[in-house]
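Colleague: next comes the sequence, and after it the predicted model I'd like to discuss.
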Amino acid sequence: MRVSRSLLVTLRDDPAEAEIPSHRLLQRAGYIRRVASGIYAYLPLMWRVLRRVSAIVREEMDATGALETLLPQLQPAELWQRSGRWAGYTDGEGIMFHLVDRQERALGLGPTHEEVVTALAADLLRSYRQLPVCLYQIQTKFRDEIRPRFGLMRGREFIMKDAYSFHADPDDLAATYAVMEQAYSRIFARCGLRAVAVEADSGAIGGSASKEFMVTADAGEDLVLTSSDGRYAANQERAESLPPAAVALPPAPPSTLETPGQSSIEALCSAHGFHPSQIVKVLLLVARFAGGRQQPLLIVLRGDQELNTVKLSNGLNRAHGPSWGSLLQLQPLEPGQLAAPDRLPFGFVGPDLDDAVLADSPGLEPTFLRLADGTALDLERFVAGANRRDLHRTGLSWGTEGDGVLAPPPRQDLRAAQPGDPCCHDPSQQLVAARGIEVGHIFQLGRKYSEALDARFTNDQGQDEALWMGCYGIGVSRLAQAAVEQHHDEAGIIWPVAIAPYEVIVVIASAQDPQQVALAERLYGELQAAGVDVLLDDRPERAGVKFKDAELLGIPWRLVVGRGAAEGRIERVERASGERQDGEVGALVDDLLQRLRQQRNPLA
RNA sequence: CGGGGCGUAGCGCAGUUUGGUAGCGCGGGUGCUUUGGGAGCAUCAGGUCGCAGGUUCGAAUCCUGUCGCCCCGACCA
């Protein structure tokens, strides 16, 4: 392709709306344009990148035996009602775009395809002899994100590869899950990304085992915790760790403590010399369930620990979802929700707070659901609020009766793992925090969807049973931007060869010099004939402009035809290393072709 | 949804406090010079100042409403 004909529009200034480097660069170098919030046009250069990423994804998916399909984006509400997800995905802060057609039928734009693919499986799969099967597609997904941001990172319309596997038993599912994990590692490696697989929460999609693939980058929206020996990595939502040891509170009889205005752990510690682990803190929340129940929660944690809301939500769903409907929302209890806010001394609350503070509050259940993390329950003695303003108690303990003895709430794992915590697999290792961009997520779904949508097959015993399912996603457009986030410098993008829009750019230093033009044209033709994706910068610009653009675009190799053209000499510059070589055309090109063969597929 | 900010030429911005009929840089066209690291000079084109009401002799500027966009948070396969 000739640059003069390529609709290349680069910007000299950073676009005002872009915050992170990858978004700025993609916009500035003419790869994407915003059409509306979270909705982008992929310009010709970007489309080439996306096609190359897709090609790698296809090769690796095909290699696992998966079958490519294309499923509808417009989906009937009825399917989603059958899986039980319609309300959750469309009400309130649901993320599904939905509409009503001229016949008053409700439809949604697919944010994911479990329903459609499971309905198809129900129709097509009848016998264990057909299993396992894995279907995949590369297609645009729609999600009405609460806050789209960072360009393609969190868009409302984006390209995704999603795959769904069907199995006769859980072992076979686990085997395919392992194959997919391998395929994913290969895909990210081939795309030139440093990615780590981390244990993850399976979230709203449901299921048991789940892993996320994270591209490490400062702009990442997720916090990943890894052990320094590399044997453990997990999303913080899901991470497990050993709690750091508590500092024992010296034995003393129970007593009250004047704590004027000391409503935070820090204030308490600095005023009285406590260690945060000697204090028991109480969080008051309200959980809203699909059945309409608004349940006040009293959460007890050790003072140095933080609540992991994902663990709490999962626990609530498990214990109460069947009777109260699924958990919709978890929010702090606000004084405004109480009939008599004055009765509740926020900041001085202890685990034994009386349910009476909730009395007559409209909409709220009249009693707290009380839960305590093990770290708090394992304290022998502790400090806690006295349930009266400006007053705490010390020398408290857990038990059934006695002075200063509080009834322990039911135990549940609620604490968030933190950087610096000892690792479960080896207490001598500590967790280290890194930011990550989620580019892939694989799940063992189990039978959640097949049971809901009645996707059944006949097993080898002649019995009818629900299919076992897995699902596997890769954010294709997000992956492309994540690559930029990981590979750029001051001057612009530095594409890995495997996903670059073009592998080589031939720059004519002076388009007025017929000798330069002739040599560049010859070179351009030869490279094309050799199967190289090559750009020819034939614009009548000054050399400096073309060099800047080549760097901004991030083309891995630049061949400059300039002063040496008459002697058949050119300059070759590698974008990533900045390494320059002057030499005779033929030799430099031969060497380049060799390097390209290797760089196109680092795993080959 | 809560908090904050911004909508003025294709892009980046000034002008708004104190109302007087719109400007700068980049980019685009043309001509001359220049020609290996985002050139110089000259010249031209390009804006219903997001939109709708209102106040005023007069509104980019003041008031009301509305739409859009960005950031933080909540939220999120």
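Modeller: Structure's in. What do you need? Everything numeric in this text was worked out from a predicted model, so none of it was measured.

Colleague: what's the closest residue to residue A:275 other than its chain neighbours in contact with, if anything?
Modeller: Excluding the flanking residues, the one nearest residue A:275 by Cβ to Cβ, 6 or more residues apart in numbering is residue A:247, at 4.0 Å. Glycine gets a C-beta too; all of them are placed from N, C-alpha and C. For residue A:247, the contact set (Cβ atoms under 8 Å, 6 or more residues apart in numbering) comprises A:275, A:277-278.

Colleague: so residue A:247 versus residue A:420, what's the distance?
Modeller: Distance of residue A:247 to residue A:420, given as Cβ to Cβ, to the nearest Å: 15 Å.

Colleague: any idea how many residues pack against the nearest residue to residue A:124 once chain neighbours are set aside?
Modeller: Spatial nearest neighbour of residue A:124, excluding adjacent residues (Cβ to Cβ, 6+ apart): residue A:130 at 7.8 Å. If you count neighbours by other Cβ atoms under 10 Å, residue A:130 ends up with 13.

Colleague: any low-confidence regions in the stretch 1-150 of chain A?
Modeller: Scanning the stretch 1-150 of chain A for pLDDT under 70 picks out A:92-93.

Colleague: show me the strands in it, by range?
Modeller: Using DSSP state E, counting those that start in this stretch, the strands assigned to the stretch 1-150 of chain A run over residues A:32-36, A:39-42, A:67-68, A:74-76, A:98-100, A:106-109, A:133-142.

Colleague: could you pull out the buried residues of the fourth one?
Modeller: Spelled out, that is strand A:74-76. The neighbour-count criterion (16 or more other Cβ atoms under 10 Å) identifies A:75-76 as the buried residues of strand A:74-76.

Colleague: ok, the last one next?
Modeller: Neighbour-count burial for strand A:133-142, counted by 16+ other Cβ under 10 Å, picks out A:133-139, A:141-142.

Colleague: what's the neighbour count on the closest residue to residue A:31 other than its chain neighbours?
Modeller: In this structure, residue A:31 finds its nearest non-sequential neighbour in residue A:46, 4.0 Å apart by Cβ to Cβ, 6+ apart. Residue A:46 has 22 neighbouring residues, counting by other Cβ under 10 Å.

Colleague: please apply the same query to the one 4 residues further on.
Modeller: Using other Cβ under 10 Å, the number of residues around residue A:50 comes to 21.

Colleague: what's the answer for residue A:16, then?
Modeller: Residue A:16, neighbours per other Cβ under 10 Å, totals 6.

Colleague: and if you look at residue A:589?
Modeller: 20.

Colleague: likewise for residue A:208?
Modeller: Residue A:208 has 14 nearby residues by other Cβ under 10 Å.

Colleague: check the buried residues of strand A:133-142 one by one and keep those near RNA strand B.
Modeller: Among these, the residues lying close to RNA strand B (Cβ under 7 Å from any atom of the strand) are residue A:141.

Colleague: rewinding a little: among the contacts of residue A:247, which ones are buried?
Modeller: The neighbour count (16+ other Cβ under 10 Å) marks A:277-278 as buried among the contacts of residue A:247.

Colleague: distance of the residue nearest to residue A:124 relative to residue A:67?
Modeller: According to Cβ to Cβ, residue A:130 stands 12 Å off from residue A:67.

Colleague: residue A:179 too?
Modeller: Distance from residue A:179 to residue A:67, by Cβ to Cβ: 14 Å.

Colleague: who has more neighbours, these two?
Modeller: Higher neighbour count among residue A:179 and residue A:67: residue A:179, with 18 against 12, using other Cβ under 10 Å.

Colleague: name the SS class of the more buried one, please.
Modeller: Here residue A:179 is helix, with the state taken from DSSP: H, G, I helix; E, B strand; the rest coil.

Colleague: and the residue of chain A found nearest RNA strand B, how many neighbours?
Modeller: Per Cβ to the nearest atom of the strand, residue A:562 is where chain A lies closest to RNA strand B, at 1.6 Å. By the criterion of other Cβ under 10 Å, residue A:562 has 17 neighbours.

Colleague: tell me the phi and psi of the nearest residue to it once chain neighbours are set aside?
Modeller: Nearest residue to residue A:562, sequence neighbours excluded (Cβ to Cβ, 6+ apart): residue A:509, at 3.4 Å. Residue A:509 has phi and psi values of phi -60, psi -50 when expressed as degrees, to the nearest 10.

Colleague: ok, and what's touching stretch A:581-592?
Modeller: Identification of contacts with stretch A:581-592 by Cβ under 8 Å, 6+ apart yields A:504, A:519, A:523, A:526-527, A:557, A:559, A:564, A:568-573.

Colleague: that one: which residues count as buried?
Modeller: In stretch A:581-592, counting by 16+ other Cβ under 10 Å, buried: A:585, A:588-589, A:592.

Colleague: what do you get for stretch A:535-548?
Modeller: The neighbour-count check on stretch A:535-548 (16+ other Cβ under 10 Å) flags A:535-539, A:541, A:546-548 as buried.

Colleague: okay, how far is it across that stretch, tip to tip?
Modeller: 15 Å (Cα to Cα, to the nearest Å).

Colleague: quick one: name the residues of the stretch 451-600 of chain A near RNA strand B.
Modeller: In this structure, the stretch 451-600 of chain A approaches RNA strand B at residues A:473, A:475, A:491, A:509-510, A:512, A:542-545, A:547-549, A:551-552, A:560-564, A:571, A:573, judged by Cβ under 7 Å from any atom of the strand.

Colleague: show only the entries of those found in strands.
Modeller: In this view, these that belong to strands under DSSP state E are A:473, A:475, A:560-561, A:571, A:573.

Colleague: pick out the most distant pair among the residues you listed.
Modeller: Using Cβ to Cβ, the two most remote members of those are A:473 and A:561, lying 44.5 Å apart.

Colleague: hmm, the residue nearest to residue A:124 is touching residue A:457, no?
Modeller: Yes. Contact criterion Cβ atoms under 8 Å: residue A:130 and residue A:457 qualify, at 7.5 Å.

Colleague: quick one: the strands in the stretch 401-550 of chain A?
Modeller: According to DSSP E, counting those that start in this stretch, the strands that the stretch 401-550 of chain A contains are A:405-406, A:431-446, A:456-458, A:464-466, A:468-475, A:488-489, A:492-493, A:504-508, A:534-537.

Colleague: tell me if the longest one is near RNA strand B.
Modeller: Yes. Using Cβ under 7 Å from any atom of the strand, we find that strand A:431-446 touches RNA strand B at A:438, A:441.

Colleague: and the helices in the stretch 201-350 of chain A, which stretches?
Modeller: Counting by DSSP state H, counting those that start in this stretch, the stretch 201-350 of chain A has helices at residues A:265-272, A:309-324.

Colleague: again with the stretch 51-200 of chain A
Modeller: Secondary structure of the stretch 51-200 of chain A (DSSP H, counting those that start in this stretch): helices at A:77-83, A:86-90, A:114-124, A:170-190.

Colleague: as CSV, those helices with distance to residue A:317 would be great.
Modeller: Output for the helices of the stretch 51-200 of chain A, formatted as CSV (distance: least, Cβ to Cβ, whole Å):
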stretch, distance to residue A:317
helix A:77-83, 16
helix A:86-90, 12
helix A:114-124, 18
helix A:170-190, 21
